[in-house]
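Undergrad: Need coordinates for the below:
(2 chains)
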Amino acid sequence: MENILGVLHYPFIVNALLAVFLISIVSGIVGTLVVVRRMVFVTGGITHASFGGIGIAYYLGLPPVGGAMLFAVATALSVEWLGRRGRMRVDSAIAVLWSLGMSVGVLFMFITPGYTPNLLGFMFGDILTVSDLDIAMLAVVAVLLLPCVIVFYRPLMYVSFDQGFARVSGWNVNLINACVSVAAAIAIVMAIKVVGIILLLSLFTLPQAIAGVFCKRLSSMMTVSAVVGFAAGLGGLSAAYAFNLPTGAVIAIGLAIIYLLVRMLNALRMKMNQN
Amino acid sequence: MADKLIKLTGVTAGYDGQAVVRDINLDIVSDDFVGMIGPNGGGKSTVLKTILGIIRPLSGTIERAPGLRIGYLPQVVDVDRHFPISVLDVVLSGQQGRGRLRPSRSDRANAMELLDYVGLAARAGDLIGELSGGQRQRVLLCRAIVGRPQLLVLDEPVTYMDKTAETDLYKLLPDLNRRMAIVLVSHDVGIISTFVKNIACVNGALHYHESGLISEEVLSVYGCPVDVISHGTIPHRVLKKHN
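TA: Here you go, the predicted model:
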């Protein structure tokens, strides 16, 4: 016990804990919207495209989060715009932006003179290097997101459930979709530090898949996803601290195992209810 | 006295500047029951979308009664069966769109009353995906009428439904028609001729028939598909011969 409390004296552990807590809230909410709206592939595209921004920021000596944010939001809005009225097949548009962003990132990393710091951190997550600034940004995102989702819960639910009907009944569907896409882009960039680009989708889909097994409401799915994400984050953080393992990988594997267990337990319960 | 709800004058509509239907004139008044038939690709959906305001006409004018409320029941295929939303919330989603972000107590009571009307009050808390196709369509009918529309638009409402479910749904229509105008799109002329007062046949253009003049010959002239007039449990009406 003393040991566990002891680690709290390290500021980087406190930061990491705070990051896990805040990211769980953000990904619990945004990930649920992503999953029920079937935007998972879009999210993957946004995540990878943001690497382009990171590469350019490194080359110019600017903060990489800023570059990532710019690319992520631009990708989200481009996919949204291209998909509307079938200007382009959405999955193709995603693939184009996905590979373009990654290539730009790789290219600029390559031509940046000298050592590129923390490249692996962006790829796989590096939760033990979360800075005070990261925490502050995460807190701002969480504090802005939470009231928005509470106030606009019903339009979000209605538009996600049936866009066509929502449009007919007078909601500004394009605006709401764009807001969800931008929220997803921002949440993604905030989460890169924790799980990394390659495994980011795990935090935005696996807790939701687990919650979806027994949640019947959008709101409960958001809450349960956040709790599951937090538990997984703590697991990943412990693994990173104690065994120096990559956080993202531990989180993803842990979540996948929990998902399998939950599905098995649920199948068992259904079988027992039948008998 | 029937009020004018919506008037389409010389409307040409389509997608990406390409006309699907041309020069349509259609007048819907408050006690109308218009059946809309026509071959696939003839433009039924385009006319519906124009009425609903989903697409703007390429030319021509649409006049709507001020503050016109339209209820809309889409085809079954539009709904995600895995979505975490309750039956009651689906009905309530038809209630909003007037600047209200939360349903009031009376909105809920109203929605429950409608679910009771279609025989599904006991399922209010269930997931929408747990219902059968016919039950789900009745829930979507509640969603379409919970906002007390003056005009109800039904787009092939019984696709993929079995005969019993179909009958259950159609039984409600004459009663609803006492409170609102109805536009019913169907390929089933039997159903159309049983309930509707007028027929709009859409096949590139729109041909309007008063109920007394409906016959298979009239319809076939305009290239409309004609099914066998049904003799189900629904009371039907023998059509006058066209001469």
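
Undergrad: Tell me which stretches of chain B form strands.
TA: Assigned strands in chain B, in chain order: B:4-15, B:18-29, B:33-37, B:59-64, B:70-73, B:151-155, B:181-185, B:198-203, B:205-210 (criterion: DSSP state E).

Undergrad: Would you map the helices across the chain?
TA: I went with chain A, as the question did not name one. A:2-6, A:11-36, A:40-60, A:64-83, A:90-111, A:119-124, A:132-151, A:153-161, A:163-168, A:173-195, A:200-214, A:218-243, A:247-274 (DSSP state H).

Undergrad: Hmm, no, I was thinking of chain B.
TA: Under DSSP H, chain B gives helices at B:44-52, B:87-92, B:105-117, B:133-145, B:163-171, B:173-177, B:189-195, B:216-221.

Undergrad: Out of those, which is the most enclosed?
TA: helix B:87-92 (a mean of 25; mean count of other Cβ atoms under 10 Å in any protein chain shown). For every residue, glycine as well, the C-beta is placed using N, CA and C.

Undergrad: residues making contact with that one?
TA: A:154, A:157, A:161, B:103, B:107-108, B:111-112, B:114-115, B:120, B:123-128, B:131, B:139-140, B:142-143, B:146 (Cβ atoms under 8 Å, 6 or more residues apart in numbering or on different chains).

Undergrad: State the mean pLDDT of it.
TA: Rounded to a whole number, the mean pLDDT of helix B:87-92 is 94.

Undergrad: returning to that earlier point: quick one: closest of the strands of chain B to chain A.
TA: strand B:70-73 (4.9 Å; Cβ to the nearest Cβ).

Undergrad: Strand partners (parallel or antiparallel) of the closest one?
TA: strand B:151-155 (parallel) (DSSP bridges).

Undergrad: Give me the contacts around the partner strand.
TA: Contacts for strand B:151-155 (Cβ under 8 Å, 6+ apart): B:5-6, B:28, B:45, B:48, B:51-52, B:68-75, B:141, B:144-145, B:176, B:180-186.

Undergrad: how many degrees apart are it and helix B:44-52 in direction?
TA: Strand B:151-155 and helix B:44-52 are oriented at 160 degrees to each other (axes from the mean of the first three to the mean of the last three Cα atoms, to 10 degrees).

Undergrad: so how far is strand B:151-155 from its chain's centroid?
TA: Distance, stretch centre to chain centre, for strand B:151-155: 2 Å (Cα atoms, centre = their mean, to the nearest Å).

Undergrad: which parts of chain B sit against chain A?
TA: B:52-54, B:70, B:72, B:74, B:78-80, B:82-86, B:89-90, B:92-94, B:96-98, B:101-103, B:127, B:143, B:147 (Cβ under 8 Å from any Cβ of the partner chain).

Undergrad: Just the pLDDT for the residue minimising distance to the centre of chain B.
TA: Chain B has B:L154 as the residue nearest its centroid, 1.6 Å off, counting by Cα atoms, centre = their mean. Looking at B:L154, its pLDDT stands at 90.

Undergrad: Show me the beta-bridge partners of it.
TA: B:L73, B:L184.

Undergrad: mind checking how far it is from B:A165?
TA: As judged by Cβ to Cβ, to the nearest Å, B:L154 and B:A165 stand 14 Å apart.

Undergrad: Then B:N198?
TA: From B:N198 to B:A165 the distance is 26 Å (Cβ to Cβ).

Undergrad: what do you get for B:Q135?
TA: 8 Å.

Undergrad: mind listing what residue 143 touches?
TA: This is for chain A. Here A:V143 is in contact with no residue (Cβ under 8 Å, 6+ apart).

Undergrad: To clarify, I was referring to chain B.
TA: A:165, B:73, B:90-91, B:93-94.

Undergrad: picking that back up, reformat the helices of chain B as JSON lines; add distance to A:V195.
TA: Shown next, in JSON lines, are these (distance: least, Cβ to Cβ, whole Å):
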{"stretch": "helix B:44-52", "distance to A:V195": "43"}
{"stretch": "helix B:87-92", "distance to A:V195": "32"}
{"stretch": "helix B:105-117", "distance to A:V195": "41"}
{"stretch": "helix B:133-145", "distance to A:V195": "38"}
{"stretch": "helix B:163-171", "distance to A:V195": "47"}
{"stretch": "helix B:173-177", "distance to A:V195": "52"}
{"stretch": "helix B:189-195", "distance to A:V195": "55"}
{"stretch": "helix B:216-221", "distance to A:V195": "62"}
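
Undergrad: Now, of the residues of chain B next to chain A, which are buried?
TA: The neighbour-count criterion (16 or more other Cβ atoms under 10 Å in any protein chain shown) marks B:52, B:70, B:72, B:74, B:79, B:83-86, B:89-90, B:92-94, B:96-97, B:103, B:127, B:143, B:147 among the residues of chain B next to chain A as buried.

Undergrad: for the chain, which spans come out with low pLDDT?
TA: Looking at chain A here, since you left the chain open. A:1-5, A:85, A:115-118 (pLDDT under 70).

Undergrad: um, chain B though
TA: B:1, B:76-79, B:96-99, B:160, B:189-193, B:201, B:203-205, B:207-243.
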